[in-house]
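A.B. asks: Just the structure for this:
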Amino acid sequence: MALEITVGPPLLTINQGRTVLASEPDGQIYPDTDKGLYFFDTRIISTYRIFANGHSFDLLNAGAVFYFASRSFLICPTFETEGGMIAARSLGLTLSRVIGDGLHEDFELTNYGPKPVRFNFEILIRCDFADLFDVKANHLVRRGRIVNSWDADGMTFTSAYTNADFRRALRIHICNSDSPGHVTNGRLTFEVVIEPGQTWHTCLCHDLIDGDRVYEAPPECFAHAPPARLASPVEEWRKTVLKLETGNEEFYRLFRQSVEDMAALRLPMEGTDHLRFVAAGGVPWFVTLFGRDSLIAALQTVFVYPDFARGALEVLGELQATEVDDYRDAQPGRILHELRHGELASLHKVPHTPYYGTADATPLYIITLNVAWRCTGDRTLLEQHLGTAERCLDWIDDCGDRDGDGFQEYATRSPVGIENQGWKDSGDSVMRA
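C.D. replies: Got it, this is the predicted structure:
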């Protein structure tokens, strides 16, 4: 009998830093799914639909151009306007997106028909500001208040969420538009007129706001930027990593793609005087600092990019537990499991501030320090992190060995902690302990 292999529904994902966009291949986000625009563990946009006179476009093709940029090609169905019928496939839409700190979108509508067309181009945007934990549990709880506003003079739409001291907001600015935008029935609406063979264009710049800090969208139109300009972040990244020359084309392509994938996992961590990059746990749902994941990624890439190890050792050392906190499964010397920045973490509804319930991050820290020193020859790594490593050893011998038999054991002490704290830490990963 043939074995059917399925990989799940299609998903178009782009990301950079703390910002992740997961959508359908046509760029849309349907309600009641886990897709959306995520920022610091908060889903900002939960619904995103595109219409021409109320009719959806059909997908031709789509894909990620880079890890931070995508392009979707759509065509119209047959639909009626005041001036007559618009034939199917006579109107093309190219949706280009690029993520910097915020999100920049380019919409280009091209009239391939023989007559001028006039219609309403509409973008439906809904924000729910749901915490990532609530989205993944499919249990959405509105805890705060959402306020929407429209600035007609500045053509700017703002949706802001507040719950106690937790604040997130989205600010969408319409720019470079061939016709003014309006908000009508909760939709961004443009009256579009296109002559035969001509193209209509608009940009949407999505600025993302965390408290008082604004993460601005890239200002440049992706649709018109030269290819070298778009590829420059990737090329700059390649300059920082190991260079490889080989006559084996397949291996070279494998290495080149792997290097680009590593760039997508770079998580910026602000320090006192410089920016550190740490490998995130994964895209799209684990774009945050992990102990186990970040250290293993550092070990696997230390020859190619040793700064992943430097960043992980530095950041995780700074966050090493210093006291007993049963709610967070923290004990002196323990290395964290996961750090989150969403609403639930900010209001201490979950223990990920950070949470320390992992059995292997603490010994992995010592292993990573040893390997990074051996691979780089940088003795300052040992000098800088020796105190952290000694506290890790103390934890391994004390709290990590619960019964004194020389082997490490684990058990959560938190009412909301992780039961299985090994590398496979899902609730059902150990069936017969």
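A.B. asks: Please count neighbours and contacts with C-alpha atoms only from this point.
C.D. replies: Noted.
A.B. asks: strands paired with the one helix or strand residue 207 maps to, and their directions?
C.D. replies: In the assignment (DSSP states H and E), residue 207 maps to strand 199-210. Strand 199-210 has the following strand partners under DSSP bridges: strand 103-111 (antiparallel), strand 166-175 (antiparallel), strand 213-215 (antiparallel).
A.B. asks: in whatever helix or strand comes next after the second one, what's buried?
C.D. replies: So the one you mean is strand 166-175. From strand 166-175 onward toward the C-terminus, using DSSP H and E, the following helix or strand is strand 181-184. Using 16 or more other CA atoms under 10 Å as the test for burial, strand 181-184 gives 181-183.
A.B. asks: tell me which element residue 60 is part of?
C.D. replies: strand 58-66.
A.B. asks: Tell me how far that strand lies from the chain's centre.
C.D. replies: 19 Å (CA atoms, centre = their mean, to the nearest Å).
A.B. asks: and if you look at stretch 307-326?
C.D. replies: Stretch 307-326 sits 22 Å away from the centroid of its parent chain (CA atoms, centre = their mean).
A.B. asks: ok so, going back, which helices and strands does the next helix or strand after the strand holding residue 60 pack with?
C.D. replies: Sequence order places strand 69-75 as the next helix or strand after strand 58-66, per DSSP H and E. For strand 69-75, the elements it packs on are strand 12-16, strand 58-66, strand 91-99, judged by 3 or more CA pairs under 8 Å, 6 or more residues apart in numbering; DSSP states H and E.
A.B. asks: repeat that for 7 Å
C.D. replies: strand 58-66, strand 91-99 (3 or more CA pairs under 7 Å, 6 or more residues apart in numbering; DSSP states H and E).
A.B. asks: Going by mean pLDDT, which of those comes out lowest?
C.D. replies: Comparing mean pLDDT across these, the lowest value falls on strand 58-66: a mean of 93.
A.B. asks: residues of the helix ranked longest in the chain that come out buried?
C.D. replies: Secondary structure of the chain per DSSP state H: the longest helix is helix 379-397. The neighbour-count check on helix 379-397 (16+ other CA under 10 Å) flags 381-382, 385, 388-389, 391-393, 395-396 as buried.
A.B. asks: avg pLDDT for it?
C.D. replies: For helix 379-397, the per-residue pLDDT averages 96.
A.B. asks: picking up where we left off before, the strand holding residue 60 pairs with which strands?
C.D. replies: With DSSP bridges as the test, strand 58-66 pairs up with strand 69-75 (antiparallel).
A.B. asks: okay, the strand it pairs with in PDB with CA atoms only?
C.D. replies: Coordinates of each C-alpha in strand 69-75 appear next as PDB, following Å, rounded to 0.1, in the frame of the first residue of the first chain:
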ATOM      1  CA  ALA A  69      10.200  39.500   1.700                       C
ATOM      2  CA  SER A  70       7.500  37.900  -0.300                       C
ATOM      3  CA  ARG A  71       5.500  38.400  -3.500                       C
ATOM      4  CA  SER A  72       2.100  37.200  -4.500                       C
ATOM      5  CA  PHE A  73       0.600  37.300  -8.000                       C
ATOM      6  CA  LEU A  74      -3.200  37.400  -8.100                       C
ATOM      7  CA  ILE A  75      -5.900  37.800 -10.800                       C
END
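A.B. asks: now the angle from it to strand 12-16?
C.D. replies: 150 degrees (axes from the mean of the first three to the mean of the last three CA atoms, to 10 degrees).
A.B. asks: residues in contact with strand 69-75?
C.D. replies: Contact partners of strand 69-75, identified using CA atoms under 7 Å, 6 or more residues apart in numbering, comprise 14, 25-27, 57-65, 89, 91-99.
A.B. asks: can you check stretch 382-402 too?
C.D. replies: With CA under 7 Å, 6+ apart, stretch 382-402 has contacts from 317, 332-334, 362-363, 366, 373, 407-410.
A.B. asks: and the helices and strands packed on strand 69-75 as CSV, adding distance to residue 342 and mean neighbour count?
C.D. replies: Below are the helices and strands packed on strand 69-75 laid out as CSV (distance: least, CA to CA, whole Å; neighbours: other CA atoms under 10 Å):
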stretch, distance to residue 342, mean neighbour count
strand 58-66, 27, 16
strand 91-99, 20, 23
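A.B. asks: Residue 223: which of the ones you listed is closest?
C.D. replies: For those, the distance to residue 223 is smallest for strand 91-99, at 6.2 Å, taking CA to CA.
A.B. asks: Paired strands for that closest one, with orientation please.
C.D. replies: strand 69-75 (antiparallel), strand 103-111 (antiparallel).
A.B. asks: Pull the distance from that strand to the chain's centre.
C.D. replies: 20 Å.
A.B. asks: what about residue 44, which helix or strand?
C.D. replies: Residue 44 belongs to strand 42-52 when assigned by DSSP H and E.
A.B. asks: mind checking how far residue 353 is from residue 93?
C.D. replies: For residue 353, the distance to residue 93 equals 43 Å [CA to CA, to the nearest Å].
A.B. asks: Got the confidence number for residue 407?
C.D. replies: Taking residue 407 on its own, its pLDDT is 91.
A.B. asks: where's it relative to residue 242, distance?
C.D. replies: Applying CA to CA to residue 407 and residue 242 gives a distance of 38 Å.
A.B. asks: Residue 55 too?
C.D. replies: 50 Å.
A.B. asks: Same question for residue 310.
C.D. replies: 16 Å.
A.B. asks: The two: which is more packed in?
C.D. replies: Neighbour tally, residue 310 and residue 242, criterion other CA atoms under 10 Å: the higher count belongs to residue 310, 20 against 13.
A.B. asks: so what secondary structure elements neighbour the helix-or-strand element of the chain with minimal mean pLDDT?
C.D. replies: Within the chain, no helix or strand scores below helix 227-240, which has a mean of 86 by mean pLDDT, DSSP states H and E. Here helix 227-240 touches no other helix or strand, going by 3+ CA pairs under 7 Å, 6+ apart.
A.B. asks: which outside residues touch it?
C.D. replies: residue 260.
A.B. asks: Let me have whichever helix or strand comes after that helix in PDB, keeping just the CA atoms, if that works.
C.D. replies: Downstream of helix 227-240, the next assigned helix or strand under DSSP H and E is helix 249-264. Extracted as PDB, the C-alpha positions of helix 249-264 are listed here (Å, rounded to 0.1, in the frame of the first residue of the first chain):
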ATOM      1  CA  GLU A 249      27.600  22.500  -7.000                       C
ATOM      2  CA  GLU A 250      25.000  20.600  -5.000                       C
ATOM      3  CA  PHE A 251      26.900  21.000  -1.700                       C
ATOM      4  CA  TYR A 252      27.600  24.700  -2.500                       C
ATOM      5  CA  ARG A 253      23.900  25.400  -3.000                       C
ATOM      6  CA  LEU A 254      23.100  23.500   0.200                       C
ATOM      7  CA  PHE A 255      25.600  25.600   2.200                       C
ATOM      8  CA  ARG A 256      24.400  28.800   0.600                       C
ATOM      9  CA  GLN A 257      20.800  28.100   1.400                       C
ATOM     10  CA  SER A 258      21.700  27.100   5.000                       C
ATOM     11  CA  VAL A 259      23.500  30.300   5.500                       C
ATOM     12  CA  GLU A 260      20.400  32.300   4.400                       C
ATOM     13  CA  ASP A 261      18.200  30.200   6.700                       C
ATOM     14  CA  MET A 262      20.500  31.000   9.600                       C
ATOM     15  CA  ALA A 263      20.000  34.700   8.800                       C
ATOM     16  CA  ALA A 264      16.300  34.200   9.300                       C
END
